[in-house]
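Asks: With the sequence up front, the predicted model follows.
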Amino acid sequence: MDSATLGTETRLTRDDLVAYIAGGGRPKEDWRIGTEHEKFAFTIADGRPLPYEGDKGVRALLEGLTRFGWQPVYEDGNIIALTCDSMGSVTLEPGGQIELSGAALETVHETCREVSVHHKNLKIVAGEMGIAFMGMGFNPKWRREDCQWMPKGRYKIMRDHMPRVGSLGIDMMIRTCTVQTNLDFLDEADMVKKFRVSLALQPLATALWANSPFVEGKPSGFLSYRSHIWTDTDPARTGIIPFVFEDGMGYERYVDYMLDVPMYFVYRDGKYIDAAGQSFRDFMDGKLPALPGELPTEKDWADHLTVAFPEVRLKRYLEMRGADGGPWHRLCALPAFWVGLLYDGACLDAAWDLVKDWTAEEHAALRAQVPRMGLKTPFRDKTLREIALRVLEIAHAGLTARKRLNSKGRDETGFLDPLWTIAESGRTQAEDLLDAYLARWNGDIDPVFTELAY
């Protein structure tokens with residue numbers, strides 16, 4: 001890498017930052033699938049979010065999972081994560097949401113087995129503790145003040161900064177859950193095409209996975225309130241990022257974007273140093289107010305890549321970030337959906353042909369309307385439902401072409417079945433939940449903790 005020096009330390013250059021991201025490119029035979037999902041943990045007796053301490057707390061839950069081979073990770077004496085070489089990691093979101101960050105696996109079958117084993121382990125420990133889990137995009141009942149913050153230094157910095165830049169950032173941190181898929185690319189051109197296709201289609205993913213229609217026990221007017229929250233979290237680090245569709249998009253353009261995204265923190269000697277709102281460019285010049293005279297390391301750059309939250313995020317792979325968290329069977333559907341679209345060359349081309357003439361105004365309109373309207377969102381002379389059916393056809397063809405079979409000789413296309421049901425009916429899970437709330441539940445939100453528990 002091309003670098004200069006400042007004193008005795010190595011100065012990272014823009015070329016170094018570009019090379020770091022470019023280093024994620026890998027041959028097709030090495031492409032893998034990483035799936036992450038979050039879920040709300042609650043006490044069965046009253047449906048309340050878990051505190052950190054106590055016999056029905058998050059600490060006890062994580063300690064209970066260590067019997068299955070997980071190794072604890074501590075911060076200031078608090079267990080805040082678990083790791084396992086073969087199973088990825090279990091981490092905590094700010095409000096006590098439990099996340100599985102899965103391993104990089106070859107097939108959707110393997111991803112689904114990973115999720116199944118994780119849930120079986122969780123149910124054993126949770127059953128002993130009197131707690132359960134629920135997959136939704138937004139906490140359907142509890143207020144901000146009902147959610148206890150987890151003891152992680154990074155979250156304190158974000159908590160203090162969020163109200164300075166938006167009105168809903170705190171809700172994003174403590175009251176939302178998502179499922180996302182992380183996928184590889186071959187080289188810069190392949191990254192750009194996958195980025196463009198997946199970014200254009202994130203509103204469709206939001207619609208297909210929409211299941212967060214409630215806020216504090218009442219209908220919110222949205223089908224995906226989680227998606228709406230991102231529109232008023234922090235405009236400097238969220239959204240569609242239209243430059244992805246412009247000429248000149250590549251590693252360098254994304255690096256320039258990230259250099260414009262304000263920092264949150266620097267991690268040194270086991271501590272998070274508050275650098276919220278400060279500039280990584282200043283850091284590269286040794287002029288960061290939080291650490292005057294110090295220069296960033298490659299690890300600092302890797303950390304900084306995690307503080308942007310666009311609908312698709314580029315690190316050394318691409319992250320699909322548009323979906324609400326959900327029930328078990330739709331967790332497996334998300335990697336199937338994106339792998340089918342992006343990992344087969346002919347299907348990637350077909351998906352690109354579908355979206356390549358969409359305008360910036362159309363991207364923005366979809367992003368704005370889908371959280372309220374779901375698959376009924378109008379688009380040109382049709383609705384998003386018709387787009388969904390065509391996209392599912394492409395994804396199905398991509399999974400068929402992969403020919404990745406399980407022990408029963410079945411390919412990966414079966415994981416799309418829940419999405420076909422939604423697209424063919426035009427009804428999201430959010431709309432089913434709203435109907436249940438108005439009819440079977442008689443305007444009482446509490447049955448959601450029974451019917452959506454797992």
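Replies: Yes, it's here.
Asks: Would you state the strands of the stretch 201-350 of the chain in chain order?
Replies: 214-215, 218-219, 238-239, 265-268, 271-274, 309-310, 312-314, 318-324 (DSSP state E, counting those that start in this stretch).
Asks: Could you report the neighbour count for residue 451?
Replies: Neighbour count of residue 451, defined by other Cβ atoms under 10 Å: 11. Any C-beta I mention is one placed from the backbone N, CA and C, and that applies to glycine too.
Asks: again with residue 35
Replies: By other Cβ under 10 Å, neighbour count at residue 35 equals 29.
Asks: what's the answer for residue 101, then?
Replies: Should you count by other Cβ under 10 Å, residue 101 turns out to have 18 residues around it.
Asks: That one and residue 91, how far apart?
Replies: Using Cβ to Cβ, to the nearest Å, we find residue 101 at a distance of 6 Å from residue 91.
Asks: now residue 436
Replies: Relative to residue 91, residue 436 is positioned 31 Å away (Cβ to Cβ).
Asks: hang on, the earlier thing: and among the strands of the stretch 201-350 of the chain, the most buried is which?
Replies: Highest mean neighbour count among the strands of the stretch 201-350 of the chain (mean count of other Cβ atoms under 10 Å): strand 318-324, with a mean of 25.
Asks: Other residues contacting that strand?
Replies: For strand 318-324, the surrounding residues in contact (Cβ atoms under 8 Å, 6 or more residues apart in numbering) are 136-138, 177-185, 191, 194-195, 198, 202-203, 205-206, 208-212, 224, 226-227, 309-313, 334, 338.
Asks: ok, back up a step: wait, which of the strands of the stretch 201-350 of the chain is closest to residue 120?
Replies: With Cβ to Cβ, the closest approach to residue 120 among the strands of the stretch 201-350 of the chain belongs to strand 318-324: 23.1 Å.
Asks: on that earlier part again, okay, and which of the contacts of strand 318-324 map to helices?
Replies: 191, 194-195, 198, 202-203, 205-206, 208, 226-227, 334, 338 (DSSP state H).
Asks: Tell me the one among the residues you listed nearest to residue 25.
Replies: Once Cβ to Cβ is applied, the member of the ones in helices among the contacts of strand 318-324 that ends up nearest residue 25 is residue 191, at 7.2 Å.
Asks: mind checking how far the closest one is from residue 413?
Replies: With the distance defined as Cβ to Cβ, residue 191 ends up 26 Å from residue 413.
Asks: Can you pick out the residue with more neighbours from the two?
Replies: Using other Cβ under 10 Å, the more surrounded residue of residue 191 and residue 413 is residue 191, with 23 against 18.
Asks: Let me see the confidence value for the spatially closest residue to the more buried one that is not a sequence neighbour.
Replies: Nearest non-adjacent residue to residue 191, counting by Cβ to Cβ, 6 or more residues apart in numbering: residue 185, 4.0 Å away. Residue 185 carries a pLDDT value of 98.
Asks: What is the neighbour count of residue 185?
Replies: Once other Cβ under 10 Å is used to define contacts, residue 185 is seen to have 23 neighbours.
Asks: Verify the contact between it and residue 25 for me.
Replies: Yes: judged on Cβ atoms under 8 Å, residue 185 makes contact with residue 25 at a distance of 6.0 Å.
Asks: between these two, what contacts are shared?
Replies: Listed as contacting both residue 185 and residue 25 by Cβ under 8 Å, 6+ apart are residue 191.
Asks: lowest-pLDDT helix or strand in the protein?
Replies: strand 4-6 (a mean of 37; mean pLDDT, DSSP states H and E).
Asks: Name the single longest strand found in the protein.
Replies: Here the longest strand in the chain is taken by residue count, with DSSP state E as the criterion, and it is strand 33-43.
Asks: Now do it and strand 318-324, the angle between them.
Replies: Angle of strand 33-43 versus strand 318-324, following axes from the mean of the first three to the mean of the last three Cα atoms, to 10 degrees, is 40 degrees.
Asks: Outside of the next helix or strand along the chain from strand 33-43 itself, list whatever touches it.
Replies: Next in sequence after strand 33-43, counting helices and strands by DSSP states H and E, comes helix 58-65. Contact partners of helix 58-65, identified using Cβ under 8 Å, 6+ apart, comprise 41, 50-54, 70, 72, 78-79, 81-82, 90, 92, 96, 98, 121-122, 125-126, 128-129, 131, 150.
Asks: next one: stretch 353-370
Replies: Here stretch 353-370 has contacts from 196-197, 199-204, 206-207, 210, 224, 227, 231, 239-240, 242, 245, 311, 377-380, 384, 387, 390-391, 394, using Cβ under 8 Å, 6+ apart.
Asks: What's the mean pLDDT across the helix or strand harbouring residue 161?
Replies: Here residue 161 is covered by helix 153-165, with elements defined by DSSP H and E. Confidence for helix 153-165, expressed as mean pLDDT, is 97.
Asks: Please name the nearest non-neighbouring residue to residue 316.
Replies: Nearest non-adjacent residue to residue 316 (Cβ to Cβ, 6+ apart): residue 24, at 2.8 Å.
Asks: measure that neighbour to residue 185 for me?
Replies: On the measure of Cβ to Cβ, residue 24 and residue 185 end up 7 Å apart.
Asks: So for the helix or strand containing residue 21, what gets flagged as buried?
Replies: Here residue 21 is covered by helix 14-22, with elements defined by DSSP H and E. Across helix 14-22, burial judged by 16 or more other Cβ atoms under 10 Å covers 16, 17, 18, 19, 20, 21, 22.
Asks: How about stretch 228-237?
Replies: Those buried within stretch 228-237 under the rule 16+ other Cβ under 10 Å are 228, 229, 230, 233, 234, 237.
Asks: about what we covered before: any idea which of the strands of the stretch 201-350 of the chain gets closest to residue 404?
Replies: Comparing the strands of the stretch 201-350 of the chain under Cβ to Cβ, the one sitting nearest is strand 318-324, at 19.0 Å.
Asks: Residue 374 is in contact with residue 203, correct?
Replies: No: Residue 203 lies out of contact with residue 374 (Cβ under 8 Å); the separation is 9.8 Å.
Asks: Could you pull out the residues contacting both of these two?
Replies: Here residue 203 and residue 374 have residue 384 as joint contacts, going by Cβ under 8 Å, 6+ apart.
Asks: one step back: just put the strands of the stretch 201-350 of the chain in JSON lines and tack on mean pLDDT and distance to residue 454.
Replies: JSON lines is the format used below for the strands of the stretch 201-350 of the chain (pLDDT from 0 to 100; distance: least, Cβ to Cβ, whole Å):
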{"stretch": "strand 214-215", "mean pLDDT": "98", "distance to residue 454": "18"}
{"stretch": "strand 218-219", "mean pLDDT": "98", "distance to residue 454": "23"}
{"stretch": "strand 238-239", "mean pLDDT": "94", "distance to residue 454": "29"}
{"stretch": "strand 265-268", "mean pLDDT": "97", "distance to residue 454": "34"}
{"stretch": "strand 271-274", "mean pLDDT": "97", "distance to residue 454": "33"}
{"stretch": "strand 309-310", "mean pLDDT": "98", "distance to residue 454": "27"}
{"stretch": "strand 312-314", "mean pLDDT": "98", "distance to residue 454": "27"}
{"stretch": "strand 318-324", "mean pLDDT": "98", "distance to residue 454": "15"}
